[in-house]
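Visitor: Quick one: sequence and predicted model below, then my questions.
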Amino acid sequence: MQKVDGIRHAESEAYCYTGTTKKEEEMNMKLRKLTAVLLAGAMTLSLAACGGAESSDTAKDSKAADSTAVKTKVLTPGTDAANTETSDETLTVGLASEPSTLYAVAAGKTENEEQIIGGTLVDTLVSVDYSTNEVLPNLATEWEWIDDTHCRFKLRDDVTMTDGTLLEAEDVVYDCNELWVGLNATNDIGKYLVGATAEDEHTVVIEFNTAAPDFLIMLSWSSCGIVTEDEINAAGGIEGVQTNPMIGCGKYKFKEWKNGQSITVERNDNYWNKDYAGYYKTIVFTFTSDAAAREMAVESGDADVAYDMPVSQAATYAESDAVNTAIYSFGQEIHLWYNMGDNAGSTKEQKVREAIDKALDFDAIAQVGTAGFAGAADSYWDSGCTFYASAYTSEERAVDVEGAKALLEEAGYADGLEITALGLQDITPVLTVMQANLAEAGIKLTIDTPDTAQFVEGAFGGDYDLICIGDTPNVRIPANVMPFLQKLNVEGPGMVIGGPKWTTDEIDTTIQNMVSESDADKVAEYAAELDKIVKEQTICSNLYSEMKASVLAKDLKGFNVRERGFIDVTQLYK
């Protein structure tokens, strides 16, 4: 996913980490040697300079490097035992940027860094075991679906909020009605909620506007953290609480924000869950946009964690004796979408789409896109999805330049074709590989990497032939399951970046059925049906699982992640 802060189908990146997938187990987290990573960079420079003329040799070299892969130890989320001790020590976490708010719900938006920091301050009705995708009790001890759109929650009676008051049902009603719906009606939290009512002091009913059993998982996200109206008012109201978030009942409490320097939180020693032990007394978040500088801070001992490292860069540290490296998938798969909408050019023709698909070297693309940590996708659905099933054979994914040329000739492009791919700078290496692949079939690909504002405008408006965008369908809410093919987003008023700008009633209905279905076998049937449609009509080409990476101090344990692959800093310990 290309990062468009605060805009990129922002919460459609709704994430569910599912632990090590079958594919990843088979691969045993193979790490490509540094030479393979350097090859990817060299390939990018070479192809950019030569216009793709040496693409065949480059692809062969890439595969040759892949065959020399060695198994190297990298951290996998959720493998360490839970911490049982406390200390007076400080954990320092290096983030790529400083958030504009520490309570984005009040601002009606989401920011990645805010989610990581703010998630330490609040707690949610339910939690999720991301190794199994199981929804677990948290502030709510139990729940039941009254019907498809109403869920009743029984609350704990021993939860103390930051202001010293006990949690009550009316607090959840306030959050749902005034904050989630009232201030976030257009994002992926509020737009699915109708409201909440209290049945008694510790019982609340939340109403959704559509059926989706996985809304329970959505309620575990930090955007759905529980606060009280009195806390909001005491912190300075809707504006003041964004920089002074003395709210919630989370594992940590807000302490200090030094603008431009750091944000500090301190352990909540009155945390309701006595089974939890926070090892660090304080956690300090610092901000450095330079990924190499973040890693050096860990290596020198000035920081303990360098979060959100570019995967290709993190791979170069994986064999280091000075630090540990975590590289992991988080349920999001990148797709190459063909414009089929009103603004579409040649990609509106299926033979052209098929030709492009045949010309692509999916193994080389995955090698560059994941730094060798994941193979080429063989389904629309990420392999971490519970309903994943392979939809392509290796033969179907093989490069077929002559077949691509034949299809282009049938489509009336025997003399070649010119198309444009829209993207941000971070996707350029992948697009450069595609550029070389397509050149061999007589297709000239122009890579357009404008600034963020222009990218967003073009991606919303369909001003492209090709675009690489992913989704995270393992959490089956409407924003996550093929949002690019839902009529609401294609025809409006929904908003989605990228995709084909086209759909059908059959596709839209099947997506809605898949979202609302509770029977796992039927979900798998709907998933297979959608996979088949995408394949038969070449609506997109499935590329690879997107990866996240962090670098950690050698003595650090307890690495774990939350929704959307965010690091859970509250679990770290020595």
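Guide: Happy to help now that I have it. Residues are numbered from 1 along each chain as shown.
Visitor: how much space between residue 551 and residue 98?
Guide: 19 Å (C-beta to C-beta, to the nearest Å). (Each C-beta comes from the backbone N, C-alpha and C, glycine too.)
Visitor: I should have written residue 522 there, sorry.
Guide: Going from residue 522 to residue 98 by C-beta to C-beta gives 45 Å.
Visitor: more crowded one of those two?
Guide: Using other C-beta atoms under 10 Å, the more surrounded residue of residue 522 and residue 98 is residue 98, with 20 against 13.
Visitor: which residues touch the more buried one?
Guide: 113, 259, 260, 263, 287 (C-beta atoms under 8 Å, 6 or more residues apart in numbering).
Visitor: CA-only coordinates of stretch 429-447, as PDB, when you get a sec.
Guide: The C-alpha coordinates for stretch 429-447 follow below in PDB (Å, rounded to 0.1, in the frame of the first residue of the first chain):
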ATOM      1  CA  PRO A 429      11.100  -0.200  -7.800                       C
ATOM      2  CA  VAL A 430       8.100  -2.500  -8.400                       C
ATOM      3  CA  LEU A 431       6.800  -0.500 -11.300                       C
ATOM      4  CA  THR A 432      10.300  -0.400 -12.800                       C
ATOM      5  CA  VAL A 433      10.400  -4.200 -12.900                       C
ATOM      6  CA  MET A 434       7.000  -4.100 -14.600                       C
ATOM      7  CA  GLN A 435       8.300  -1.500 -17.100                       C
ATOM      8  CA  ALA A 436      11.000  -3.900 -18.100                       C
ATOM      9  CA  ASN A 437       8.700  -6.900 -18.300                       C
ATOM     10  CA  LEU A 438       6.200  -5.100 -20.500                       C
ATOM     11  CA  ALA A 439       8.900  -3.700 -22.800                       C
ATOM     12  CA  GLU A 440       9.600  -7.200 -23.900                       C
ATOM     13  CA  ALA A 441       6.000  -7.600 -25.100                       C
ATOM     14  CA  GLY A 442       6.100  -4.200 -27.000                       C
ATOM     15  CA  ILE A 443       4.300  -2.300 -24.200                       C
ATOM     16  CA  LYS A 444       5.800   1.000 -23.200                       C
ATOM     17  CA  LEU A 445       5.000   1.800 -19.600                       C
ATOM     18  CA  THR A 446       5.400   5.300 -18.300                       C
ATOM     19  CA  ILE A 447       5.700   5.600 -14.600                       C
END
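Visitor: residues of that stretch that come out buried?
Guide: 429-443, 445, 447 (16 or more other C-beta atoms under 10 Å).
Visitor: just for the chain, where's the confidence low?
Guide: Applying pLDDT under 70 to the chain flags the ranges 1-72, 493-494.
Visitor: hmm, try it at 90
Guide: Across the chain, the ranges flagged by pLDDT under 90 are 1-73, 110, 130-133, 186-189, 319, 491-496.
Visitor: Just the strands from the stretch 301-450 of the chain, written as ranges.
Guide: Taking DSSP state E, counting those that start in this stretch, the strands of the stretch 301-450 of the chain run over residues 305-306, 323-338, 417-422, 443-448.
Visitor: measure residue 415 to residue 348 for me?
Guide: For residue 415, the distance to residue 348 equals 19 Å [C-beta to C-beta].
Visitor: same thing with residue 334?
Guide: Taking C-beta to C-beta as the measure, residue 334 falls 22 Å from residue 348.
Visitor: Just want to know which of those two has more residues nearby.
Guide: Taking neighbours as other C-beta under 10 Å, residue 334 and residue 348 compare with residue 334 leading, 25 against 17.
Visitor: returning to that earlier point: and the strands of the stretch 301-450 of the chain, which is most packed in?
Guide: strand 305-306 (a mean of 28; mean count of other C-beta atoms under 10 Å).
Visitor: Can you name every helix or strand that that one contacts?
Guide: On a contact count with 3 or more C-beta pairs under 8 Å, 6 or more residues apart in numbering; DSSP states H and E, strand 305-306 meets strand 90-95, helix 291-300, strand 540-553.
Visitor: re the thing from before, out of the strands of the stretch 301-450 of the chain, nearest to residue 201?
Guide: strand 323-338 (37.2 Å; C-beta to C-beta).
Visitor: What helices and strands are in contact with the closest one?
Guide: Using 3+ C-beta pairs under 8 Å, 6+ apart: strand 323-338 touches helix 291-300, helix 311-315, strand 466-471, strand 540-553.
Visitor: can you pull out the strands in the stretch 51-200 of the chain?
Guide: With DSSP E, counting those that start in this stretch as the criterion, the stretch 51-200 of the chain has strands spanning 70-71, 90-95, 126-129, 134-137, 140-145, 150-155, 193-200.
Visitor: Can I get those in CSV including mean neighbour count and distance to residue 250?
Guide: As requested, these are exported to CSV (neighbours: other C-beta atoms under 10 Å; distance: least, C-beta to C-beta, whole Å):
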stretch, mean neighbour count, distance to residue 250
strand 70-71, 10, 38
strand 90-95, 22, 15
strand 126-129, 18, 12
strand 134-137, 13, 16
strand 140-145, 15, 15
strand 150-155, 20, 16
strand 193-200, 16, 20
